[in-house]
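**Q** Quick one, structure for this:
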Amino acid sequence: MSGAHRSGAQLTVVVALLLVAGAASAVVPRTLGPFRFSSPRRRVWSSIAPPSGDLGEGAATGAVKTVPFFTDSFVYADQTFTYDMVGTDPRLSHRRTVVPVVIVPLRFVFAGGQSFDPGKTTAKLRRSPLFRRARFSSGTTQYGDAVQRAEFWTYTHRTRYHVLLGHPAAAPTVVVTVPATAGSIATSQLGGSFGLIDETFFLDQVVPAVINQLRLPPTKLIVLWSSDVALQPSGGGTGIILGEHDAGTDQAQTRMWTFAWASWNTPDVVPENDTDVAALSHEISEWYNDPFGTNVVPPWESPPAYPCNPLLEVGDPLAGTTFVEHGYHLQDEAFLSWFARETPSIGMDGRYSFLGTLTAPPAVCTMQ
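**A** The predicted structure follows:
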């Protein structure tokens with residue numbers, strides 16, 4: 001259930017977790033760590049009805065409203081792997097794509113009354129290299145675009161190919177009341193307090209409630225923005241989740257929303273290299289490379305946080321490997337050539353990641 005009312009510059013969304021047999025149990029206070037990122041698969045939000053008069057024919061014909069994307073494939077070991085990415089295919093077009101963005105600040109209020117509000121960090125986020133131009137090895141541009149250009153450098157070098165994020169609009173702060181069954185206050189190993197929320201509660205109730213109440217269009221990237229808040233993995237998973245990107249459709253599957261969520265993390269909660277926009281840089285790059293959460297590749301692993309898996313998640317192999325640009329932490333990202341086991345890489349200077357941290361493709365692992 002959800003209800004909402006406006007108060008000044010805030011939109012209050014009260015999200016109640018419906019307790020049924022097998023539903024999420026209470027989250028208890030704990031010490032955070034280790035940190036990781038999550039890659040849930042596409043969801044259907046039954047709480048989002050199709051547009052008035054829309055009977056769902058769009059889904060049947062493939063006319064789904066969403067962000068601009070292209071579809072391509074590669075072959076490895078006689079198997080074809082198809083993928084979707086944001087923008088236009090750099091092998092076929094050098095067009096400039098601009099994806100509109102809306103940032104939704106989330107203020108989480110926990111059962112004991114303590115809250116976590118991104119406040120002024122929203123303005124800092126909008127000034128970061130995720131949305132403003134900075135000088136990178138692949139050009140003076142936004143970070144996500146710089147990574148995409150470098151990833152396909154064989155085709156983008158000396159062209160006007162770009163996949164840019166539009167100047168982000170800032171929505172009213174959404175106040176989410178977290179029931180005791182879905183969240184609690186935790187303590188980092190560094191001593192700071194952190195909000196900890198059940199992942200299923202966030203994905204299945206908070207996200208669609210925000211989309212419904214703000215009437216967010218599926219053609220925009222939705223950046224859900226919090227401060228010192230993490231997710232507890234669903235289904236008994238290990239670790240603490242610092243960021244996610246995902247996609248979801250309405251009942252008729254005629255509209256598909258894509259979003260990236262992360263927090264502005266402070267150094268009393270996470271290590272210095274994971275602070276400020278580091279987690280969001282991870283998630284936005286992954287959104288570029290797998291906007292709908294459906295891309296699969298030959299299995300790879302990066303233990304212990306990421307056991308053998310077939311997901312095209314460009315940030316996961318390099319989680320925690322960051323650098324500083326204009327005072328912000330940005331994470332290194334793996335290239336498609338690394339996952340596709342391409343030799344040589346089509347990336348800039350033959351690299352397998354933006355910074356060149358990855359120097360060769362991974363061995364193929366066996367999934368359990």
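**Q** Next SSE downstream of the longest helix along the chain?
**A** Counting residues, the longest helix in the chain under DSSP state H turns out to be helix 278-289. Moving toward the C-terminus from helix 278-289, the first helix or strand encountered (DSSP states H and E) is strand 296-302.
**Q** sorry, back to before: chain center to the longest helix of the chain, what's the gap?
**A** Distance, stretch centre to chain centre, for helix 278-289: 5 Å (C-alpha atoms, centre = their mean, to the nearest Å).
**Q** Show the contacting residues for the residue sitting nearest the centre point of the chain.
**A** Centroid-nearest residue in the chain, with C-alpha atoms, centre = their mean: H245, separated by 2.7 Å. Going by C-beta atoms under 8 Å, 6 or more residues apart in numbering, H245 touches S39, T258, F259, A260, W261, E283, I284, E286, W287, D290, P291, G293. To be clear about C-beta, it is placed using only N, CA and C from the backbone, and glycine gets the same treatment.
**Q** Now restrict these to buried residues only.
**A** Taking 16 or more other C-beta atoms under 10 Å as the criterion, what is buried in those is S39, T258, F259, A260, W261, E283, I284, E286, W287, D290, P291, G293.
**Q** ok, T121 to V270 distance?
**A** According to C-beta to C-beta, to the nearest Å, T121 stands 14 Å off from V270.
**Q** and what of L190?
**A** From L190 to V270 the distance is 7 Å (C-beta to C-beta).
**Q** Look at the two and report which has more neighbours.
**A** V270 (27 against 15; other C-beta atoms under 10 Å).
**Q** is it true that the more buried one touches G191?
**A** No - the criterion here is C-beta atoms under 8 Å, and V270 misses it with G191 at 11.6 Å.
**Q** got any residues that touch both of those two?
**A** With contacts taken as C-beta under 8 Å, 6+ apart, not a single residue reaches both V270 and G191.
**Q** which one of the contacts of H245 sits closest to Q142?
**A** Ranked by distance to Q142 (C-beta to C-beta), the contacts of H245 are led by I284 at 9.2 Å.
**Q** quick one, what contacts the closest one?
**A** If a contact means C-beta under 8 Å, 6+ apart, then I284 has L130, Y143, G144, L165, L221, V223, H245, A260 as its contacts.
**Q** measure the fifth one to E333 for me?
**A** Taken as C-beta to C-beta, the spacing of L221 relative to E333 amounts to 17 Å.
**Q** show me where the stretch 201-350 of the chain has helices.
**A** Applying DSSP state H, counting those that start in this stretch to the stretch 201-350 of the chain gives helices spanning 207-214, 278-289, 336-340.
**Q** So which residues lie in contact with the last one, not counting its own?
**A** When contacts are defined by C-beta under 8 Å, 6+ apart, helix 336-340 is touched by residues 74, 76, 81, 83, 151-152, 289, 297-298, 300, 312, 314, 317, 342, 344-347, 352-353, 358, 361-362.
**Q** try 6 Å this time
**A** If you take C-beta atoms under 6 Å, 6 or more residues apart in numbering as the criterion, helix 336-340 is touched by F74, Y76, E151, V297, L312, S345, I346, G347, Y352, L358, P361.
**Q** Now, of those, which are buried?
**A** Buried subset of those (neighbour count, 16+ other C-beta under 10 Å): F74, E151, V297, L312, S345, I346, G347, Y352, L358, P361.
**Q** Please settle this for me: is the last one part of a helix?
**A** No - P361: not assigned to a helix; according to DSSP: H, G, I helix; E, B strand; the rest coil it is coil.
**Q** Quick check, it in contact with R341.
**A** Yes - P361 is within contact range of R341, at 4.2 Å (criterion: C-beta atoms under 6 Å).
**Q** okay, now the nearest residue to F323 once chain neighbours are set aside: neighbour count?
**A** For F323, ignoring the flanking residues on the chain, the nearest one in space by C-beta to C-beta, 6 or more residues apart in numbering is L330 at 6.1 Å. Residues lying near L330 (other C-beta under 10 Å) number 29.
**Q** ok, so what distance separates L330 from P129?
**A** For L330, the distance to P129 (C-beta to C-beta) stands at 6 Å.
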